[in-house]
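In: sequence unknown, structure follows:
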């Protein structure tokens, strides 16, 4: 059985993961409006991935006899100044999510909830990948500067992203 404290924290994390999905969907919409279809595809897939993360928490709680409490999802921003600004925000957001996951891991250790600790290890590893992916794109966008040729090349590359299984 999952403890009340862990149950509440995981319910909050479901909300955070759903917000992440919503944020990436807003970013995809912005890229669509700027006709950067590859960037938009990357963000759409990221939105789907974040929703799957929310469902992992949901399923873990249900399997352990928890009660999922869903909360309102805050509206994300809708406008950015540039593709670089979008990915800088995405990187900052992933760093924030990493902090949330680390706090959950600390909570699980303190509560001696070994099942949740093992469960959270996957998310800790995932966040390393999430931060690295966003950071890499930020760095590539900085390298392209104002050159549209670099932006279009990166758009093509990001459009080749495959959906996670």
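Out: Everything's here; your move. Computed from a prediction, not measured in an experiment: that's the story for all the values here.
In: residue 148: neighbour count?
Out: 9 (other CB atoms under 10 Å). Glycine gets a C-beta too; all of them are placed from N, C-alpha and C.
In: confidence score at it?
Out: Residue 148 is assigned 89 on the pLDDT scale.
In: check residue 145 too.
Out: Confidence score, pLDDT, at residue 145: 84.
In: tell me where the protein has strands.
Out: Assigned strands in the chain: none (criterion: DSSP state E).
In: show me where pLDDT drops low in it?
Out: Counting by pLDDT under 70, the ranges of the chain that qualify are 165.
In: residue contacts, the nearest residue to residue 37 once chain neighbours are set aside?
Out: Of all residues not flanking residue 37 in the chain, residue 159 sits nearest, at 6.1 Å (CB to CB, 6 or more residues apart in numbering). Contacts for residue 159 were tallied using CB atoms under 8 Å, 6 or more residues apart in numbering; they are 37, 38, 39, 41, 42.
In: quick check: closest non-adjacent residue to the second one.
Out: Right, the one you point to is residue 38. Nearest one to residue 38, counting by CB to CB, 6+ apart, is residue 159 at 2.8 Å.
In: just checking, residue 117 touches residue 106?
Out: No: counting by CB atoms under 8 Å, residue 117 stays clear of residue 106, with 9.8 Å between them.
In: who has more neighbours out of these two?
Out: More neighbours surround residue 117 than the other of residue 117 and residue 106, with 17 against 12 (other CB under 10 Å).
In: for the residue lying closest to that one once chain neighbours are set aside, the count of nearby residues, please.
Out: Among residues not flanking residue 117 along the chain, residue 108 sits closest, at 4.3 Å (CB to CB, 6+ apart). The number of residues packed near residue 108 is 23, by other CB under 10 Å.
In: ok, back up a step: any of the contacts of residue 159 buried? List them.
Out: 38, 39, 41, 42 (16 or more other CB atoms under 10 Å).
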